[in-house]
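1. Everything below, folded, please.
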Amino acid sequence: MFMFKKIVAPLFFPVPLCLEILILGLILLWFTKKQKAGKIVVSFGVGLMLLFGYGTIQDILLRSLENEYPPLMDLQEVDDVKWVVVLGGGHITDPSLPVTDHISKPTLSRLVEGIRIHKILPKSKLILSGGKVFDQVPNAKVMADVAVILGINRSDIVLEKDSKDTKDEAIFIKKIVKNEKFILVTTASHMARSIALFKKRGLKPIPAPIDHSVKKGQRITPGVFFPNSGKFRNAEVVFYEYLGLAWAKLRGHI
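-> Below is the predicted model of the structure:
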């Protein structure tokens, strides 16, 4: 089931979806007599690309996800919390590169935020979560290696190396934190689903979202007048999270 959702879900992501529609239109134009239908399908595919490229709709949906929980700025109210949990966000182990180049941008953002909070709460322990998915090294271990480079003592790090997805992380992290409160660090768009999955397991997470994709710019830049790949990425995040929420509800995980 894990591999099934990893293979099927990307078919509905913006770029594959646009390509699927455009290929269907070209097949109709080149290999059938349904020229009008082919033109309509191709036009729809191009229109969809423009819609994703400018990004107004997905930015609204993404902002809704990211703003559900505010960033954890004031830590005075949580100074008694013992655990800071950082969820893994992927990596690629490449021995020819330094370990700081192995982790993905979401993982790095989450880790840096977790370290920031941990340093403000010196009595806390840093739980780094993420197992082996498509790599021979657990995501948690790679994060730990980077955390040590960034000045964290290994004695302050606890690894959760068995999970494959967020649902698994909730199961395995519960074995560590028991019934205690903990600060949960993950990407802002991923926080709503994470909180729902963790609370379903009876856990007590305090959200600390990071790596926001939709930000309030202080000035208008020339880039807003042109479609760009970043908007496609935002659309992909929206598709991924809403599909993830729907799947979790369907499976009774939230």
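
2. quick one: the strands in the chain?
-> 83-87, 125-129, 157-160, 181-187, 204-210 (DSSP state E).

3. which one of those is the most hemmed in?
-> Highest mean neighbour count among the strands of the chain (mean count of other CB atoms under 10 Å): strand 83-87, with a mean of 27. For every residue, glycine as well, the C-beta is placed using N, CA and C.

4. Now do it and strand 125-129, the angle between them.
-> Per axes from the mean of the first three to the mean of the last three CA atoms, to 10 degrees, the angle that strand 83-87 makes with strand 125-129 is 20 degrees.

5. Pairing partners for strand 83-87, with directions?
-> Here strand 83-87 is paired, per DSSP bridges, with strand 125-129 (parallel), strand 181-187 (parallel).

6. Residue 63 is nearest to which of these?
-> strand 181-187 (13.9 Å; CB to CB).

7. now the closest one: mean pLDDT?
-> Average pLDDT, strand 181-187: 98.

8. okay, the angle between that strand and strand 204-210?
-> Going by the same axes, to 10 degrees, strand 181-187 makes 30 degrees with strand 204-210.

9. chain center to strand 181-187: distance?
-> 13 Å (CA atoms, centre = their mean, to the nearest Å).

10. contacting residues around that strand?
-> Strand 181-187 has contacts (CB atoms under 8 Å, 6 or more residues apart in numbering) with 72, 78, 81-87, 89, 106, 109-110, 113-114, 117, 124, 127, 173, 191, 194-195, 198, 203-211.

11. Can you say which of the strands of the chain is nearest to residue 169?
-> Minimum separation from residue 169 across the strands of the chain (CB to CB) falls at strand 125-129, 4.9 Å.
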